[in-house]
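Would you be able to build a 3D model of this:
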Amino acid sequence: MATVLLVRHGRTTANASGLLAGRTPGVELDESGRTQAGDAGRRIAALPLADVVSSPLERCRQTATAILAQQPADGAGEVVVEEDLTECDYGQWQGRALAEFAKEPLWEVVQNQPSAAAFPGGESMARMQARGVAAVRSHDARVVSAAGPQAVWVAVSHGDVIKAVLADALGMHLDVFQRLDVAPASISIVRYGGPRPHVLGVNTLAGDLSWLGAGAPEAPQVGGGAGPAGRATT
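As a prediction, the model looks like this:
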């Protein structure tokens, strides 16, 4: 089973000003976001990546480029753009201040029953999850076929999309995915394959990742097992 690092884009000007950017073109990383993307790239640099796949939106492609820039010259080539990793289509909510939504009935649905939420003029959250999960699983299978089951690759996407993918991997219903937090430039770690996905990390913002290069850990067992072979101990 390959390992996918789910990376949220770094902070943007919209994040900083409290706007729901959605798919608005031209929303780019701010200074803090560029620093965050560079930090994520440095954390990942110890791992030779088989591929870097990104949402088509600028903020994700900038984050993906920052990650790829710190890879060896003979590593992953160019950023692969995947339309189905793009941001949720928030429709008429796009571009508005987040503070406005608390007054709308749909806000309670988004927070407490997102499987029933559909944005006016946009898409449903269930559709967002379905396409995001399908895209990640499809690319994972492609990476395994091309680079083998020990490969590591990166998918750069958006907060709600990554939370939805993680909820699927954890066996959580979409209605409780708001319990997850995915911060800008955070790295979450999933391995697919076997009878179920294995979630090795959620919303990590610091720490060494080189232990992932040791390959898949032993099969889960009662008591938790011994962990990955390549992880340093003190």
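
after the longest helix anywhere in the chain comes which helix or strand?
Across the chain, the helix with the greatest residue count (assigned by DSSP state H) is helix 125-147. Once helix 125-147 ends, the next helix or strand along the chain (criterion: DSSP states H and E) is strand 152-157.

between that next one and helix 125-147, how big is the angle?
With axes from the mean of the first three to the mean of the last three Cα atoms, to 10 degrees as the basis, strand 152-157 and helix 125-147 are set at 150 degrees to each other.

I'd like to know how far the residue nearest to residue 148 when sequence neighbours are not counted sits from residue 140.
In space, and not counting its chain neighbours, residue 148 is closest to residue 2: 7.9 Å by Cβ to Cβ, 6 or more residues apart in numbering. All C-beta spots, glycine's among them, are computed from the backbone N, C-alpha and C. Per Cβ to Cβ, to the nearest Å, residue 2 is found 5 Å from residue 140.

How about residue 192?
Per Cβ to Cβ, residue 192 is found 5 Å from residue 140.

more crowded one of these two?
residue 140 (24 against 18; other Cβ atoms under 10 Å).

Tell me who's in contact with that one.
Contacts for residue 140 (Cβ atoms under 8 Å, 6 or more residues apart in numbering) come out as 2, 4, 153, 192.

So the first one versus residue 209, what's the distance?
What it means is residue 2. For residue 2, the distance to residue 209 - Cβ to Cβ - is 15 Å.

With neighbour numbers in mind, choose between those two.
In terms of neighbours (other Cβ under 10 Å), residue 2 is the more surrounded of residue 2 and residue 209; the figures are 25 against 20.

Tell me which stretches of this structure form strands.
3-8, 51-54, 80-81, 152-157, 187-191, 198-204 (DSSP state E).

The second one packs against which elements?
Where contact means 3 or more Cβ pairs under 8 Å, 6 or more residues apart in numbering; DSSP states H and E, strand 51-54 is packed against helix 58-68, strand 80-81, helix 125-147, strand 152-157.
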